[in-house]
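Give me coordinates for this.
(chains A and B)
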Amino acid sequence: MKLLERHLEDPGRLLRLKRWCYAGLIVLAMSEVLAPRLFHAERAHFWFEDLPAWGSLYGLASCAVIIVVSKLLGKLWLSRPETYYDG
Amino acid sequence: MTVEWVHPGLLLIAGAWILPLIRGWTKRAVMVLLPALALIDCVLMKPGTYGVVHALGQELVFGRVDRLSVLFSYVFALLALIGMIYALHVDDDAQHVAALSYAGAALGAVFAGDFLSLFLFWELMALSAALIVWLRRDRGAVAAGFRYLLVHLFGGVCLLGGIAFYWSQTGSLTFGDMSPHAGSAAFTLILLAFLLNAAAPPLGAWLPDAYPEATATGAVFLTAFTTKSAVYALIRGFAGTDILVWWGAAMAVYGVVYAVLENDARRLLAYHIISQVGYMVCGVGIGTQLAVNGSASHAFAHILYKALLFMGAGAVLQVTGLRKLNEMGGLYKTMPITLALYMVGAFAISAVPLFSGFVSKAMVVSAAGESHLAGAFLLLTVASSGTFLHTGLKLPYYMFFGRDRGLRAQEPPSNMLVAMGLAAAACLGIGVFPDLLYGYLPYPVDYAPYTTRHVTATLGLLGFTALGFFLLLKHLDPEPIISLDTDWFYRRGLSVSLAVTQRGLGRVEHVVARISDAIVRGPVLAVATCLRELDANVIDAAAVGIGRLTQAVSWRLSRSVSGHPQHYALVMAIGVLVAIAFVMFGP
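Coordinates of the predicted model:
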């Protein structure tokens, strides 16, 4: 944990850590495009699964949609102060 | 009950009562020994029908042992063991008795071969779970426990009503595939009761309402039994019921949406129980062998990783006394082991390769694919992203990292870490060696989770979800708010409707009073007044007049009484003369 602490609390090291993470994401997206071509991949159930980097794109879109839609629902309708049910 | 079969549920329910009688190390040994014996009992069981009892003119089967019931019994007993180890430091017999009875009742429900014994254990589960909530012994917990009981008693009444219809239609109480009765009242009521226990919205708000109110140790038991015994019952009775495909997929997304808004750590995890049970319900609805295997294996894996997550959040609650994310932060420095074990659970629920959720959730999603259900496939995949977003990123970020609030914390007691370690080992074991689990599923498994496409697509999905999380991080800061759910209807709606009813009733009462005044009270009063006047003016006056007359006559007569004999003789003589005159001159 000391190692983790050093990386998180030193701005220079944190920046480097972030760059490594972005590089990792590029590798993930590339592997999703390339791996099925290089190795044997089973047949997809649906056409959209064959889109390049389908999992990565759908993951990013899902994450954004979930956050935006839920926050909107909360703001417009569902959120109440913590004491709402008291008394 | 035959000697060669001992009911593991009964072992726990009856054995629990030994605990208040013993102390110290013996008690701790028995706390571990009881669920360990139940687990061994389940492992040694051979398929068959045991514990047949004839009562009330019915044949009750307490021991239907087949692949499906045995699979659930393994994980129920294992979780009871892990949960008891986690609770070893708690010096409260009532909590232990309630927890063991709850686990025992769940085992009873799983082995029940008929509806009546299922109902018996179903109600015992509701009662013992409410007890577990109550035993936190604060105002919020007591109220939440009552709400829990209220909802589950309603579910119990639905189940009993369904059973009564089923019995009147078929003359049998055997609990099996319900599809031949689809559309009947019995089918609908029993399905509703099962879905209520599976926390399917809009019937599921009791879960995030009650579970976070239990103690750190009690909540671990709660996460396992009620919803998963309902999944078992759905697999047993309702596999292939179309409506469950969409109901389950909607559940998976619903839990994720609420988790975004949630500030209470364990309530966030509770919403993810609903989301994960959604996968299982969807699998039951798809109903193919792969889907049912997926639901069963996901229930098995889910019980272990969800307990691990609740144990992690419970450890933080135990050490810091905090439950809200906006008050936490920076705990990774003082609770690194808890963080590491929690993350195993988080990776398992997020279906990261090499963790248990990856090999179980994939079966349900693939089954949706094989059945060409594109909508369900996409919804379940969105929910996968949401699961990682909250359980794997948001919760650990704000609990263990985020803003360091300088909390004074340390690792929880060692028994809690051991229990978390066992659950984490199981999550990893199943993830790395899926055949360990696949070998026990209800149907033969012909499924390979570790394929190129599945691994790369999953890693891409999770990686870019993390990117989205960090890009939108400033919008995700937890706020001290709560979110309305369907429990509003019985927490506020009912009181609002009562107020409305009271106001309405007040008006009706006013009108009725006016009408009654005009029709009844007025005339009656008038007649009464007349009668009173009559009484006062006529009858009373007559009585007074007669009285006065009598008095006057009496007075006169009294004056005539002189006391002299010659006066009396004179009166008598006059009387005699008058009599003679009357005789002589009378008519």
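
Could you list the domains of the chain?
Here I'm looking at chain A. If you go by automatic domain parsing, the domain ranges for chain A are A:1-41, A:44-87.

Can you look at chain B instead?
Taken from automatic domain parsing, chain B resolves into B:239-486, B:491-578.

Kindly report which one of these carries the lowest mean pLDDT.
Of all the domains of chain B, the minimum mean pLDDT falls on domain B:491-578 (a mean of 87).

So B:Gly145 sits against B:Val133, correct?
Yes: checked against Cβ atoms under 8 Å, the pair B:Gly145 and B:Val133 is within contact range at 3.9 Å. Quick note: C-beta positions are derived from backbone N, CA and C, even for glycine.

Kindly indicate whether B:Pro478 is helix, strand or coil.
The three-state assignment at B:Pro478 reads coil, by DSSP: H, G, I helix; E, B strand; the rest coil.

And for residue 70, the neighbour number?
Just so you know, I chose chain A. 22 (other Cβ atoms under 10 Å in any protein chain shown).

Chain B was what I was after
Neighbours of B:Val70 (other Cβ under 10 Å): 19.

Repeat that for A:Leu73.
16.

which element is it on?
Per DSSP states H and E: A:Leu73 is located in helix A:54-73.

Could you identify the helix or strand that succeeds that helix?
strand A:79-81.

Quickly find the element holding the residue lying closest to B:Trp206 once chain neighbours are set aside.
Spatial nearest neighbour of B:Trp206, chain neighbours left out: B:Val151 (4.3 Å); criterion: Cβ to Cβ, 6 or more residues apart in numbering or on different chains. According to DSSP H and E, B:Val151 maps onto helix B:139-170.

Just the buried residues of that helix, please?
Residues of helix B:139-170 classed as buried by neighbour count (16 or more other Cβ atoms under 10 Å in any protein chain shown): B:141-145, B:147-149, B:151-152, B:154-156, B:158-163, B:165-166.

just checking, what packs against that helix?
helix B:115-134, helix B:185-197, helix B:206-210 (3 or more Cβ pairs under 8 Å, 6 or more residues apart in numbering or on different chains; DSSP states H and E).

Can you tell me the SS state at B:Val52?
State at B:Val52, reduced to three classes by three-state DSSP: strand.

Also B:Val61?
Classification of B:Val61 using three-state DSSP returns strand.

Who is it paired with across the strands?
Following DSSP bridges, B:Val61 is listed with bridge partners B:Val52.

on that earlier part again, from the domains of chain A, which stretch is densest packed?
Ranked by mean neighbour count under mean count of other Cβ atoms under 10 Å in any protein chain shown, the domains of chain A are led by domain A:44-87, which reaches a mean of 16.

That domain near chain B anywhere?
Yes: applying Cβ under 8 Å from any Cβ of the partner chain, one finds domain A:44-87 in contact with chain B at A:44-46, A:49, A:53-60, A:62-67, A:69-71, A:73-74, A:77-82, A:84-85.

B:Gly176 is in contact with B:Phe238, isn't it?
No: contact criterion Cβ under 8 Å: B:Gly176 and B:Phe238 do not qualify, at 10.9 Å.

okay, the two: which has more neighbours?
More crowded of B:Gly176 and B:Phe238, by other Cβ under 10 Å: B:Phe238, with 23 against 13.

contacting residues for the more buried one?
B:178-179, B:191, B:194, B:244, B:284 (Cβ atoms under 8 Å, 6 or more residues apart in numbering or on different chains).

If you rank the residues you listed by neighbours, which is first?
Most crowded among the contacts of B:Phe238, counting by other Cβ under 10 Å, is B:Val284 at 31 neighbours.

Could you list every helix and strand that the longest helix along chain A packs against?
If you go by DSSP state H, chain A has its longest helix at helix A:11-38. When contacts are defined as 3+ Cβ pairs under 8 Å, 6+ apart, helix A:11-38 sits against helix A:2-9, helix A:54-73, helix B:452-471.

Next, see if the helix or strand where B:Ala296 lies gets close to chain A.
B:Ala296 is part of helix B:289-320 when elements are defined by DSSP H and E. No: using Cβ under 8 Å from any Cβ, we find that helix B:289-320 stays clear of chain A, coming within 11.9 Å at best.

With stretch B:344-358 instead?
No: Stretch B:344-358 does not reach chain A (Cβ under 8 Å from any Cβ); its nearest approach is 11.2 Å.

Pull the residues that contact that stretch.
Against stretch B:344-358 from outside (Cβ under 8 Å, 6+ apart): B:272, B:276, B:298, B:301-302, B:304-306, B:308-309, B:311-312, B:361-362, B:384, B:387-388, B:391-392, B:395-396, B:423-424, B:426-432, B:437, B:449-450, B:455, B:458-459, B:462.

if we go to 6 Å?
B:301, B:305, B:308-309, B:361, B:384, B:387-388, B:391-392, B:424, B:427, B:430-432, B:455 (Cβ atoms under 6 Å, 6 or more residues apart in numbering or on different chains).

Just give me the neighbour total for the closest residue to B:Met311 other than its chain neighbours.
Nearest non-adjacent residue to B:Met311, counting by Cβ to Cβ, 6+ apart: B:Met420, 4.8 Å away. Per other Cβ under 10 Å, the neighbour tally for B:Met420 reads 29.

List the contacts of B:Met420.
B:308, B:311, B:341 are the contacts of B:Met420 under Cβ under 6 Å, 6+ apart.

run the last query once more with 7 Å
When contacts are counted by Cβ atoms under 7 Å, 6 or more residues apart in numbering or on different chains, B:Met420 touches B:308, B:311-312, B:341.

farthest pair in these?
B:Met311 and B:Leu341 (7.8 Å; Cβ to Cβ).

Compare neighbour counts for those two and give me the winner.
For B:Met311 versus B:Leu341, the count of surrounding residues by other Cβ under 10 Å is larger for B:Met311: 31 against 26.

For chain A, see how far away the more buried one is.
20 Å (Cβ to the nearest Cβ, to the nearest Å).

For that residue, give me its contacts.
Applying Cβ under 7 Å, 6+ apart, we find B:Met311 in contact with B:86, B:220, B:416, B:419-420, B:423.

Over to B:Val30?
So B:Val30 contacts B:18-19, B:22 (Cβ under 7 Å, 6+ apart).

which among those residues gets closest to chain A?
The closest of the contacts of B:Val30 to chain A turns out to be B:Leu19 (Cβ to the nearest Cβ; 35.0 Å).

just to revisit the earlier point, what's the closest of the helices and strands packed on helix A:11-38 to B:Val97?
Of all the helices and strands packed on helix A:11-38, helix A:54-73 comes closest under Cβ to Cβ, at 39.9 Å.
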